[in-house]
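Trainee: Build me a model from this:
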Amino acid sequence: GWFGDSLCCRTYDGDTADKDRKETVRDANIILTNPDTLHVSILPNHQTWQRYLVNLRFVVIDEAHMYRGKFGAHVSCILSRLCRACARLKNTSVQFLCFSATLPNPTSHFYKLLPALRPEMQKRSGFQAPLTCVNKDGSARGTRMFVFWNPNTRNQQPDEKDDEPNKKRKKMKSDVKVNLETSKDQGPKDVKYSSRSAIYDTAILLSTLVKQRVRTLAFCKIRKLAEMVLSYTQKDLRRSSSGLAEKVKAYRAGYSKESRRNLEKGLFTGEILAATATCALELGVDIGSLDCTLLLGYPGSIASMWQQAGRSGRSARNSLTIMTLFSSPVDQYIARNPEFIFKGEVEGVFLDASNSIVQKQHAQCAAVEFPIVLHDGVGSDDVYFEEGFLGHVLDMIKSGSVLERPFEAGSEVQNGEVLHCISSTISPAISHSISIRALNEESIQVLLVPTMEMIDELPRSRAFFEIFPGSIFMNQGTEFMIVTLDLEQNIAHAKEVKVDYFTKCRDHTDVDVYNATRVQERSTGTARYGQCSVHVQWYGYTKRKKYTGELISVHDHILPSHKYKTWAIWIEIPPVGVHQIRKEELSITEGIHAAHHLLVASLRLHTGCDANDVNTEHAYPEQQRIRPHHLLAFDNSVGGTGTCEAGFKCGVDKILKTALDMVQQCDCKLGCPGCILDPKCSEHNQVVNKQVINCESFILTMYNMHSTGRFVHPDGCQRCFDTSYET
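Mentor: Model prediction:
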């Protein structure tokens, strides 16, 4: 074979001990690693790895669909640096293999990850292997039962007056039920809240399955939910089957290497019957055969849903998947339209490797690893990266961070002219300061008082949502209270507690749009895609009772604000529409805020982005700052995630039509969590009104008119509306 008798397979990542690293570099011919290690350890030390890079034959990229958004842009630049390093060492025969079970656009995604292998670039890059796409699925599979568990189902009794047999959809009269995570102390006056909770129901389902010795994995969107489900499950098991409580654990990022390995071993051997997990277990960790998967809420994309469901029933075994639905617009839309996920196409994966901030960071890394060479022949460094790399090199020359020879600073590079740059003031350890997974590279460690044992670690960019003095923090089902937060040392101190409440931060975001780069003219309001500035402020938190979400108290505090620039979509509401809404004595602010929730929910459905990839502005009662009359969504990351661009390409009208369907298919009067109330609303849904969205003018803004000027009114009749006004 290729390796003869010297086959040696090793793991090389952040958990690898120093002594094992030296042996791996010296002996291994198969290495299992990740993009982070390639970025921080292997490429910056290519001299140490020269034997390996010169003889590198295959690069296998597993779960390629996970490399999307800003993280995907980072990985693309890292792979570009790998291609560049191999080419500099005269090795252009490397073969790249990408694997994914849920990727609908494999060819285009492959070329996004590896720009140097595009047909038009191969002659100049030196990598000239043709691309072959293998997309026939021959894997064995058993029968899968898929169940929707909806704690928010209404008592559907037909209206006595509505007895016509030919009605397409009968009106129902019932109270709106709201679950734990969406219960608010304020909101539309016709909404009655109940204690039904998707979180608690998932815990009871998991407990029931464990009692039947069914090996189960429960997926939760965020680490806090994973800990809450674990806590509720163990509490139920201790009441009835105390010996099983320790058979359920949580698995998520932030745990130590030893904890993760012990959990994986326990799941594989069956010592642990079930686990609550974030998407950390969605991918390649081998935990043996499972019988059931629980999904707490729609994961955000059809691809991710099938990835999570596919963790059970492998090797042709029959399996069960239960998806517990939140009362959010997205989950309730799926409950009403299950064909969206069972018959709809898997979302295409989007990444923008030309992201200016990301590319600039990796241009600096490239300058440290090898001198930059630009010309119009084979091996010019610009062929390994997306468009824009040359501009960043020129910026580095002008700033003095790299030195060029021969080249006069300030002049333009011409075809045929050689630009040779060497690093000047860039730190050799620049890669260590560039995080490829978080908005901010700094993390906050959580230390247990008085032992000072580190129990968790969170990226600083997300920490303020979970870690602040007085917050309740969970780890393996155990509750801790954050006592102090030292932002200079990036350390939080915690003590173990037992309380009957949970905490939620209070924050507010202001967004200002500018510099539209794409414009779509619409008869009911121009749509734009462009840049925006975002200002996030944290000003306190609330305490709420477990299980019911009832408000206990409100607390104030001040944490440093966060400002950044990103990308956004915004759609104008024509002046005539605003005038009509005010004429009907309705609040345009309440309508815009409700539409913002719907726009974000629809964007998540059509782009398959993560829940935290896109956000919007949330109005609050005391708001005095005058805001533009437009619908807005923005990428929730410095430099953008690519979500808004993907949404704009998908089609603004298509996204707004789905948003309109969400509200028109719901039977409530003033709004409920199944349509306009958003559990992630930082202002607790206090300023929303469904009546504004059902206003004719607002409907016309949300769903672009055809030339006939006609639309379907919510009551089912056809009405004509003149759309010939100035926008």
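Trainee: quick one: contacts of stretch 648-659?
Mentor: Here stretch 648-659 makes contact (Cβ atoms under 8 Å, 6 or more residues apart in numbering) with 333, 518, 520, 522, 527, 529, 569, 571, 595, 598-599, 601-603, 605-607, 647, 702-704. For the C-beta atoms, the positions are set from N, CA and C on the backbone; glycine is no exception.
Trainee: Kindly provide the whole-number mean pLDDT of it.
Mentor: Averaged over stretch 648-659, pLDDT sits at 89.
Trainee: Then stretch 566-576?
Mentor: Taken as a whole, stretch 566-576 has a mean pLDDT of 89.
Trainee: Equivalent analysis for stretch 497-510, please.
Mentor: For stretch 497-510, the per-residue pLDDT averages 89.
Trainee: oh, and call the first residue 50 from now on, that's how I've got it
Mentor: Okay, residue one is now 50; in that scheme the one you just asked about reads as stretch 546-559.
Trainee: Please identify the buried residues of that stretch?
Mentor: By neighbour count with 16 or more other Cβ atoms under 10 Å, stretch 546-559 contains the buried residues 550-558.
Trainee: Can you tell me which of the residues you listed is closest to Ser450?
Mentor: Ser450 lies nearest to Thr558 out of the buried residues of stretch 546-559, by Cβ to Cβ, at 33.4 Å.
Trainee: Run through the residues that contact that closest one.
Mentor: Thr558 neighbours (Cβ under 8 Å, 6+ apart): 583-586, 664, 666-667, 731.
Trainee: try Tyr669
Mentor: Contacts of Tyr669 were listed using Cβ under 8 Å, 6+ apart, and they are 557, 732, 735-736.
Trainee: got CSV for those residues, with secondary structure and distance to Ile446 too?
Mentor: Formatted as CSV, the contacts of Tyr669 follow (DSSP: H, G, I helix; E, B strand; the rest coil; distance: Cβ to Cβ, whole Å):
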residue, secondary structure, distance to Ile446
His557, strand, 41
Glu732, coil, 47
Gln735, coil, 52
Val736, coil, 50
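Trainee: quick revisit: name the nearest of the buried residues of stretch 546-559 relative to Arg167.
Mentor: When the buried residues of stretch 546-559 are ranked by distance to Arg167 (Cβ to Cβ), Thr558 comes first, at 38.2 Å.
Trainee: what sits opposite that closest one in the beta ladder?
Mentor: Val585 (DSSP bridges).
Trainee: Among the contacts of stretch 697-708, which ones are in helices?
Mentor: Secondary structure from DSSP state H places 382, 644, 647-648, 650-652, 654-656, 696, 751 of the contacts of stretch 697-708 in helices.
Trainee: and the closest residue to Thr533 other than its chain neighbours, backbone torsions?
Mentor: Excluding the flanking residues, the one nearest Thr533 by Cβ to Cβ, 6 or more residues apart in numbering is His542, at 4.7 Å. Here is the backbone geometry of His542 (degrees, to the nearest 10): phi -100, psi 140.
Trainee: Report the separation between His542 and Pro609.
Mentor: Using Cβ to Cβ, to the nearest Å, His542 is found at 19 Å from Pro609.
Trainee: Compare neighbour counts for those two and give me the winner.
Mentor: A direct count of neighbours by other Cβ atoms under 10 Å for His542 and Pro609 places His542 higher, at 19 against 10.
Trainee: how close does that one sit to Phe513?
Mentor: From His542 over to Phe513 (counting by Cβ to Cβ), the distance is 16 Å.
Trainee: where in the stretch 350-499 of the chain is pLDDT low?
Mentor: Across the stretch 350-499 of the chain, the ranges flagged by pLDDT under 70 are 364, 453-469, 473, 487-490.
Trainee: ok, now with 50
Mentor: 456-465, 488-489 (pLDDT under 50).
Trainee: Also the chain?
Mentor: For the chain, the stretches flagged by pLDDT under 50 are 50, 204-244, 456-465, 488-489, 754-776.
Trainee: residue nearest the centroid of it?
Mentor: Asp659 (2.3 Å; Cα atoms, centre = their mean).
Trainee: wait, that residue sits on Ala352?
Mentor: No - taking contacts as Cβ atoms under 8 Å, Asp659 lies outside contact range of Ala352: 11.6 Å.
Trainee: ok so, going back, part of a helix, is the residue nearest to the centre of the chain?
Mentor: No - Asp659 is assigned coil when assessed by DSSP: H, G, I helix; E, B strand; the rest coil, not a helix.
Trainee: just the helices in the stretch 150-299 of the chain please.
Mentor: Taking DSSP state H, counting those that start in this stretch to define them, one finds helices in the stretch 150-299 of the chain at 155-162, 168-174, 247-260, 272-289.
Trainee: So for Asp430, which of the ones you listed sits nearest?
Mentor: Using Cβ to Cβ, these put helix 168-174 closest to Asp430, at 9.9 Å.
Trainee: Using CSV, write out every CA atom in that closest one.
Mentor: This file holds the C-alpha atoms of helix 168-174, laid out as CSV (Å, rounded to 0.1, in the frame of the first residue of the first chain):
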residue,chain,number,x,y,z
PRO,A,168,-10.8,25.3,-13.1
GLU,A,169,-9.8,28.9,-14.1
MET,A,170,-7.2,29.0,-11.3
GLN,A,171,-5.6,25.6,-11.6
LYS,A,172,-3.1,26.5,-14.3
ARG,A,173,-1.7,29.3,-12.2
SER,A,174,-1.9,27.5,-8.8
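Trainee: Report all helices and strands that that helix contacts.
Mentor: Applying 3 or more Cβ pairs under 8 Å, 6 or more residues apart in numbering; DSSP states H and E, one finds that helix 168-174 contacts no other helix or strand.
Trainee: thinking again about what came up before, of all the contacts of Tyr669, which comes closest to Tyr160?
Mentor: Comparing these against Tyr160 with Cβ to Cβ picks out His557 as the nearest, at 40.8 Å.
Trainee: Look up how far Cys715 lies from that closest one.
Mentor: Using Cβ to Cβ, which is the criterion applied here, His557 is 27 Å from Cys715.
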